[in-house]
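Novice: Can you look at this prediction? I've put the sequence above it.
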Amino acid sequence: QLQLVESGGGLVQAGGSLRLSCAASGRTFSSYAMGWFRQAPGKERELVAAINEISIRTTYADPVKGRFTISRDNAKNTVYLQMNSLKSEDTAVYYCAGNLGFQSLVTGQRGQMYWGQGTQVTVSS
């Protein structure tokens, strides 16, 4: 089983930046595609960004393109989400997730998904 622990959330003013981290343990991290999802109150959980096992493929949700960057360090078993130019609509609980397949991670339709416990990001306007 892949265990995931997020950190780095908090309260920030609109226009500010935060960097989320997700530390993995329990399985071979470098075998997994990793992603960040978020869920705002009253809304469904949505994909924010994903990265494949060796960092040559990434995808971003349209609302965050140009503002957020996903990256990973396989030597540290960690995936990051750099969030810049934050907006009030970015307020949500952010979850780290892993899946053995990049497309499976993005679509959530196949394979075992592993989830962290989530970290709250609140952007004040």
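Specialist: That came in fine, so what should we check first?

Novice: The spatially most central residue of the chain pairs with what?
Specialist: For the chain, the residue nearest the mean C-alpha position is residue 36 (1.7 Å; C-alpha atoms, centre = their mean). Counting by DSSP bridges, residue 36 is bridged to residue 49, residue 96.

Novice: What score does it have for pLDDT?
Specialist: pLDDT recorded at residue 36 is 98.

Novice: go on, residue 94?
Specialist: 98.

Novice: Now do the closest residue to it other than its chain neighbours against residue 27, distance only.
Specialist: Nearest residue to residue 94, sequence neighbours excluded (C-beta to C-beta, 6 or more residues apart in numbering): residue 38, at 4.9 Å. From N, CA and C alone the C-beta is placed, and that goes for glycine too. For residue 38, the distance to residue 27 equals 24 Å [C-beta to C-beta, to the nearest Å].

Novice: show me the contacts for the residue nearest to the centre of the chain.
Specialist: 20, 22, 47-50, 70, 79, 81, 94-97 (C-beta atoms under 8 Å, 6 or more residues apart in numbering).

Novice: If we use 6 Å, what do you get?
Specialist: By C-beta atoms under 6 Å, 6 or more residues apart in numbering, the residues touching residue 36 are 48, 49, 81, 94.

Novice: Out of those residues, flag the one nearest to residue 6.
Specialist: residue 94 (6.7 Å; C-beta to C-beta).

Novice: what's the burial count for that closest one?
Specialist: Residue 94: 23 surrounding residues under other C-beta atoms under 10 Å.

Novice: what do you get for the one 3 residues further on?
Specialist: Counted with other C-beta under 10 Å, the neighbours of residue 97 add up to 23.

Novice: Residue 25 is in contact with residue 3, isn't it?
Specialist: Yes: taking contacts as C-beta atoms under 6 Å, residue 25 lies within contact range of residue 3: 4.9 Å.
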